[in-house]
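> Pasting the sequence and the predicted coordinates here, then a few questions.
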Amino acid sequence: MRMSKLFVQTLREFPNDAEAISHKLLVRAGYIKKLTSGIYSYLPLMQRVLAKISQIIREEMNAAGAQELLMPFVQPAEIWQKSGRWEVYGRELARFCDRHDNKMCLAPTHEEVITSVVSGTFTSYKQLPINLYQIQTKFRDEIRPRFGLLRGREFIMKDAYSFHTSQESLDEEYENMARAYKRIFERCGLETKMVQSDSGAIGGSVSHEFMVLTSTQTGENDVFYCENCDYSANSNHAVSILLNPQTNGADYGYDKEQKLDTPNVKTIEQLSEFLKVPSSCILKSVLYIADSKPVLVMIRGDKEVEETKLLNALGALEIRPATSDEAYDYLGCEVGYLSFLGVDENKVKIICDKSAQGMKNFVIGANEPHKHIVGYNFTKTPDFVDVSLVKEGELCPCCNKPLKVTRGIEVGNIFQLGTKYSKPMNATYTDENGEEKPFIMGCYGIGVTRTAAAAIERYHDDFGIIWPKEIAPYHVDVVPVNTEDSEQMGVALEIYNKLLNAGIEVVLDDRADRAGVKFKDSELIGFPYRITVGKTIKEGLVEFKCRKTGEVEKMTADEAIEKCKTLLLS
RNA sequence: CGGGACGUAGCGCAGCUUGGUAGCGCACCUCGCUUGGGACGAGGGGGUCGCAGGUUCAAAUCCUGUCGUCCCGACCA
């Protein structure tokens, strides 16, 4: 491709509305163009990157025994009503009516469709297991799309679904997919960590996420992991062994239950300082509204509530912290002094986090303004539930070593669905004994567009993108410094043609611009290798530069061609 | 959903306070010159100032409404 013909416009400045580095670079380097919030055109450079990622996925999925198909993007409400998700999915599901007033939606995922595809088609145990996948656009009307391709509303996803007659068979395929995913991301030049996770709206029991670990804040997930063993989990699922699991207020002089005045002492921090006790001796009370009903969460003062865990513990659909006004309405006390004391459990559900299990003689809000109670003990043992967020340094549940935390971008996930969809949708096969049974299912997703963005988050510098060569839009950028110079241009053309003939993806920057412009663009766009044909051609030499290392070598044109072949075709 | 900010040329912005011919930089087109790190000179094209009302002789500017975009928060008591 000649640069003069390539559909690309690089910008001198970063766009104003981008926050994430991948978003800024994708726009500035001419890969994407926004149409509206969370919805982008993938320009030719981007399309090449996406095609490469897709191709790697395709090859590895096929090698793992899966078959590609393509399902409809527009779906009738009927199948969603059947699975029970029409009501549950919420506003992320973009719904509309067709001309006959039939309820429809845009596909955010395809469990319902694949189930109806397989159901009635593969009806014998002899035909199972099977794994089907597609690479397709999805639409999720996110509350807050941001970070460009990292959280768009419209995005490209590879989604695979497997059907089994037994849990053992599903387990096997789950492992098979985990291995395939590892290979896929490795081939994309990305290191990933497979972590335990919550299964969220998709449902099911066992699930793992593949995370690209980043130091940037753009990773929207916290991942807790152990350096000593294999344990790692998304913060929404991670568990730990508490530090100081047993705390006793008596160690700080509060061995008798007593109501104390604590004027204007509202936060745990202030209370801890005021009473001279560590926050781990305080039981704090946090009010949530779950599906419009109040839930009071009791949790150790040094811990925080993990909302996804709470959501799951309650079996609720939606959850949010209550406002101060709501707290007053439900508990009859201003925030800062709340507790479950005197609260009618028929009106306000009370949940007690596991972190409170080992607490004795603790401090608790009096549920009266400006008063707390010290030396308190549970009068009856509550049911302790884990709804707390792990903290870095707490101990690994597997091997007791301190856990670490890092940010991560979720690029893929694998779920065991079991019969969550096959049962309600009545999707069955006939087993050896002639009995009808629901399929046991698994599903496996990879965000294609997000993987590309994650690669940029991981690999960039002040000059631009540094693509792993496996997913770069082109491999080599040949730059004649002066296109007017027939010798330079001649050699550049010769290199260009030879690389083309060798099957290498190459761009010839034949634009009449000055060298600086071409170098800047080359680095911004992120070509892995650059061959500069400039004044050293007088000595028969060109320059070979590696984008990743910045290393520059002088060599003959033929040597440069050979080097490209060695680096790219082996 | 709540809070804040912003909508003026493809991109980045000024102009608005105090109403009076729509501007700058980049990009784009032409010519010249230049060619190893985002050159320079001259000329040129492109905008119903988000949209709809209102006030006024006159609105990018003032008022009202509306739509859109971005950020922050979903406050752990």
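Nice, I can see it.

> And the lengthiest strand in chain A, what's buried?
Counting by DSSP state E, the longest strand found in chain A is strand A:403-418. Within strand A:403-418, the residues scored as buried using 16 or more other Cβ atoms under 10 Å are A:403, A:405-418. Backbone N, C-alpha and C define where each C-beta goes, glycine included.

> For A:Gln81, state which of these is nearest.
Checking the buried residues of strand A:403-418 against A:Gln81 by Cβ to Cβ gives A:Leu417 as the nearest, at 18.5 Å.

> who does the nearest residue to A:Val206 once chain neighbours are set aside bridge with?
Take A:Val206 and drop its neighbours on the chain: the residue closest to it by Cβ to Cβ, 6 or more residues apart in numbering is A:Gln416, 4.2 Å away. Beta-bridge partners for A:Gln416, by DSSP bridges, are A:Gly442.

> Could you verify my assumption that A:Gln416 touches A:Ser169?
No - applying Cβ atoms under 8 Å as the test, A:Gln416 and A:Ser169 come out as separate, 11.3 Å apart.

> which SSE is A:Ala178 in?
Remark: A:Ala178 resides in helix A:167-187, with elements defined by DSSP states H and E.

> Quick check: buried residues in that helix?
A:169-170, A:173-174, A:176-177, A:180-182, A:184-185, A:187.

> now, which of the residues you listed sits nearest RNA strand B?
Of all these, A:Phe185 has the smallest distance to RNA strand B: 26.2 Å, by Cβ to the nearest atom of the strand.

> Can you check what pLDDT the model gives the closest one?
As predicted, A:Phe185 sits at a pLDDT of 97.

> now swap in A:Phe96 and tell me
87.

> Tell me the confidence at the residue nearest to it when sequence neighbours are not counted?
Distances taken as Cβ to Cβ, 6+ apart put A:Met104 closest to A:Phe96, at 5.5 Å, once the chain neighbours are dropped. The per-residue pLDDT reported for A:Met104 equals 93.

> Where does A:Met104 fall, secondary structure wise?
Short version, using DSSP H and E: A:Met104 is in strand A:103-106.

> what's the helix or strand that that strand is followed by packed up against?
As assigned by DSSP H and E, the chain's next helix or strand after strand A:103-106 is helix A:111-118. Helices and strands in packing contact with helix A:111-118 are listed as helix A:77-83, strand A:130-139, strand A:154-164, strand A:440-447; criterion 3 or more Cβ pairs under 8 Å, 6 or more residues apart in numbering; DSSP states H and E.

> quick one, helices of the stretch 301-450 of chain A?
Remark: helices assigned in the stretch 301-450 of chain A by DSSP state H, counting those that start in this stretch are A:307-314, A:324-331, A:448-458.

> wait, which of these is closest to A:Tyr474?
Of the helices of the stretch 301-450 of chain A, nearest to A:Tyr474 by Cβ to Cβ is helix A:448-458, at 14.8 Å.

> Each with direction, which strands does the helix or strand just after the closest one pair with?
As assigned by DSSP H and E, the chain's next helix or strand after helix A:448-458 is strand A:460-461. Its sheet considered, strand A:460-461 pairs with strand A:464-465 (antiparallel) by DSSP bridges.

> Tell me if the partner strand is near RNA strand B.
No - Strand A:464-465 lies out of reach of RNA strand B by Cβ under 7 Å from any atom of the strand, never closer than 7.5 Å.

> now that strand, how far from the chain's geometric center?
Computed by Cα atoms, centre = their mean, to the nearest Å, the chain-centroid distance of strand A:464-465 equals 22 Å.

> who's in contact with that strand?
A:25, A:28-29, A:456, A:459, A:523-526 (Cβ atoms under 8 Å, 6 or more residues apart in numbering).

> Please tabulate the residues you listed in a markdown table, including the columns neighbour count and distance to A:Pro72.
Listed next are the contacts of strand A:464-465 as a markdown table, based on neighbours: other Cβ atoms under 10 Å; distance: Cβ to Cβ, whole Å:
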| residue | neighbour count | distance to A:Pro72 |
| --- | --- | --- |
| A:Leu25 | 25 | 34 |
| A:Arg28 | 20 | 36 |
| A:Ala29 | 24 | 34 |
| A:Ile456 | 27 | 31 |
| A:Tyr459 | 17 | 36 |
| A:Glu523 | 21 | 42 |
| A:Leu524 | 18 | 38 |
| A:Ile525 | 26 | 36 |
| A:Gly526 | 28 | 35 |
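
> Next, the nearest residue to A:Pro468 once chain neighbours are set aside: phi, psi?
Closest residue to A:Pro468 apart from its sequence neighbours, by Cβ to Cβ, 6+ apart: A:Gly189 at 2.4 Å. The phi/psi pair for A:Gly189 (degrees, to the nearest 10) reads phi 80, psi 20.

> Enumerate every residue touching A:Gly189.
Counting by Cβ under 8 Å, 6+ apart, A:Gly189 has contacts A:455, A:459, A:467-471.

> And for A:Glu318?
Counted by Cβ under 8 Å, 6+ apart, A:Glu318 has contacts A:90, A:290-291, A:311.
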